[in-house]
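Undergrad: Got a sequence here, can you build the structure:
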Amino acid sequence: MNNICRATLAASLASVSLLAHGTALAQAVPDNVDTDEQSGGVNVIVVTAQKRAQNLQDVPVSVSAFDTQMIADSGFTNSLSIGDQVPNLEIKTFGGVPNIFIRGVGNNDFNSSSIGPISVYRDDVVVASTGSQIFSLFDLERIEVVRGPQGTLFGKNATGGAIQFFSKLPDDRFEGNARFGYGRFSLFEGEVAASLPITDGFSVRVAGMVRKRDGEKFNRFDGTDAIDVDEAAARAIFRLRPGPDTDLRLTVGGGRDRSDYLENKPVGTINGADLFGYTDPFPDDERLLNFNGPSRNHSDNVFVNFVAQHDFGDWSIRSLTGYDKSDVDNGVDVDGGPFRIDEITF
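TA: So this is what the prediction gives:
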């Protein structure tokens, strides 16, 4: 079967909206949000679920939020890994394309260019096509999952809810961090980030990650490891604040994934066997597979976001512009056995 490569492209024209003053553009807690002391000693998580900065405890909508420490403690690796930690959120994938459901509302369409009723936002800019909604998570300020219809606050295609990812923004001082890890199956994880002040009012934050791991399973058909992981991503945020009331941000980023597809063991439906009479000889050993088809979960993603905001007293006007392009090239042996029965490429 010939390999098929699909490219999805989403480009949005600049949109201008009038917002109540206080929308979170900086990492600092705004003056109108309660501090720890005012909140009885409970740590404050600032969210923008209503398009203005608020203490999570004061938001009258159903929101699950994760701050920087909670993201690290939860071990999130990509945008889909949050599904296990958020109530009423279900994420399933096939061919590397996600279907996201919140409270049972979602879209059963695995076309990489489809648009579902759950909106995904990266630094306030919508990631429209499902083929672009899988990306590595690193150097984040917070994650918000808003459940239920969002109406005009989030625009179209948010009838089931919205998922927002916010990157850490550049500071006017030098700051950086690095994290490295090593684990089973030669797992290596590395993440670095730094804020660099260039001139007064102009700074940049650069961040990147890499994650590699040998296959955690073994394919008896060709004698190789299966389900290898090979991911890398990088991002740069340029921030210009020419005055106290103006904030301009340009984000450029991208990522690549050359991992294997998450193959499974065969499930025979004809007295426990497939069409050729094959049954799994090691049903209790999850590490042993025996498939003959392709196994790849490859993708490339490039995005550019531009956010401009100017404050007018108690009001702010904001412009959002985004460009996103993804290429998907996946292959999966659906039957999971050593004979060619059901193989799919994307």
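
Undergrad: From now on I want contacts and neighbour counts done on CA atoms only, so please keep to that.
TA: Noted.

Undergrad: Low-confidence regions, the stretch 201-346 of the chain specifically.
TA: 346 (pLDDT under 70).

Undergrad: number of nearby residues for Arg239?
TA: 25 (other Cα atoms under 10 Å).

Undergrad: how about the nearest residue to it, chain neighbours excluded?
TA: Spatial nearest neighbour of Arg239, excluding adjacent residues (Cα to Cα, 6 or more residues apart in numbering): Arg249 at 4.5 Å.

Undergrad: Show me what the one helix or strand the one you found maps to is packed up against.
TA: Element membership for Arg249 (DSSP states H and E) is strand 246-259. For strand 246-259, the packing partners by 3 or more Cα pairs under 8 Å, 6 or more residues apart in numbering; DSSP states H and E come out as strand 229-243, strand 296-312.

Undergrad: partner strands of it, parallel or antiparallel?
TA: strand 229-243 (antiparallel), strand 296-312 (antiparallel) (DSSP bridges).

Undergrad: how far out from the middle of the chain is it?
TA: Relative to its parent chain, strand 246-259 has a centroid offset of 12 Å by Cα atoms, centre = their mean, to the nearest Å.

Undergrad: tell me the strands in the stretch 51-200 of the chain, going along the chain?
TA: 54-55, 63-67, 89-94, 97-102, 118-122, 125-126, 140-147, 161-167, 175-183, 187-199 (DSSP state E, counting those that start in this stretch).

Undergrad: Could you report the separation of the residue nearest to the spatial centre of the chain from Ile100?
TA: The centroid of the chain falls nearest to Ser79 when counting by Cα atoms, centre = their mean (2.4 Å). The gap separating Ser79 from Ile100 is 11 Å, by Cα to Cα, to the nearest Å.

Undergrad: And Val210, by the same measure?
TA: 25 Å.

Undergrad: Looking at the two, which one has more neighbours?
TA: Neighbour comparison, Val210 and Ile100: the larger count goes to Ile100, with 27 against 20 (by other Cα under 10 Å).

Undergrad: Is the more buried one in contact with Ile91, as I believe?
TA: Yes. The criterion here is Cα atoms under 8 Å, and Ile100 meets it with Ile91 at 4.6 Å.

Undergrad: ok, and for the helix or strand Asp225 falls within, which residues are buried?
TA: Using DSSP H and E, Asp225 sits within strand 224-226. For strand 224-226, a neighbour-count test (16 or more other Cα atoms under 10 Å) marks 225-226 as buried.

Undergrad: Counting by contacts, list what that strand packs against.
TA: strand 217-219.

Undergrad: ok, and the closest non-adjacent residue to Asp222?
TA: Using Cα to Cα, 6+ apart, the closest residue to Asp222 is Asn292 (7.7 Å).

Undergrad: count of neighbours near Tyr261?
TA: 22.

Undergrad: ok, now which ones touch it?
TA: Applying Cα atoms under 8 Å, 6 or more residues apart in numbering to Tyr261 gives the contacts 96, 227, 295-297, 330-332.

Undergrad: Let me know the secondary structure of it.
TA: coil (DSSP: H, G, I helix; E, B strand; the rest coil).

Undergrad: That one and Gly75: what is the separation?
TA: Applying Cα to Cα to Tyr261 and Gly75 gives a distance of 20 Å.

Undergrad: now for the longest strand anywhere in the chain, which elements pack on it?
TA: The longest strand of the chain (DSSP state E) is strand 315-333. Here strand 315-333 touches strand 6-20, strand 125-126, strand 296-312, strand 343-345, going by 3+ Cα pairs under 8 Å, 6+ apart.

Undergrad: Could you count how many residues lie near Asn107?
TA: Neighbours around Asn107, by other Cα under 10 Å: 16.

Undergrad: And for it, nearest residue in space, chain neighbours not counted?
TA: With Cα to Cα, 6+ apart, the residue lying closest to Asn107 is Gly116, at 5.4 Å.

Undergrad: Just list the residues touching the one you found, thanks.
TA: By Cα under 8 Å, 6+ apart, the neighbours of Gly116 are 99-100, 106-107, 130, 157.

Undergrad: Just send the contacts of Tyr261 back as JSON lines, with distance to Pro244 and neighbour count too.
TA: What follows is those, written out as JSON lines (distance: Cα to Cα, whole Å; neighbours: other Cα atoms under 10 Å):
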{"residue": "Gly96", "distance to Pro244": "44", "neighbour count": "26"}
{"residue": "Ile227", "distance to Pro244": "50", "neighbour count": "22"}
{"residue": "Ser295", "distance to Pro244": "52", "neighbour count": "23"}
{"residue": "Arg296", "distance to Pro244": "49", "neighbour count": "25"}
{"residue": "Asn297", "distance to Pro244": "46", "neighbour count": "25"}
{"residue": "Asn330", "distance to Pro244": "48", "neighbour count": "26"}
{"residue": "Gly331", "distance to Pro244": "51", "neighbour count": "22"}
{"residue": "Val332", "distance to Pro244": "53", "neighbour count": "26"}
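
Undergrad: follow-up on the earlier one: let me know the closest of the contacts of Gly116 to Ile143.
TA: For the contacts of Gly116, the residue nearest Ile143 by Cα to Cα is Ile100; the value is 15.8 Å.

Undergrad: Now do the contacts for the closest one.
TA: Ile100 neighbours (Cα under 8 Å, 6+ apart): 89-92, 106-107, 116, 118.

Undergrad: 10 Å instead, please
TA: Going by Cα atoms under 10 Å, 6 or more residues apart in numbering, Ile100 touches 80, 83, 89-93, 106-108, 116-120, 130, 133, 160-161, 163.
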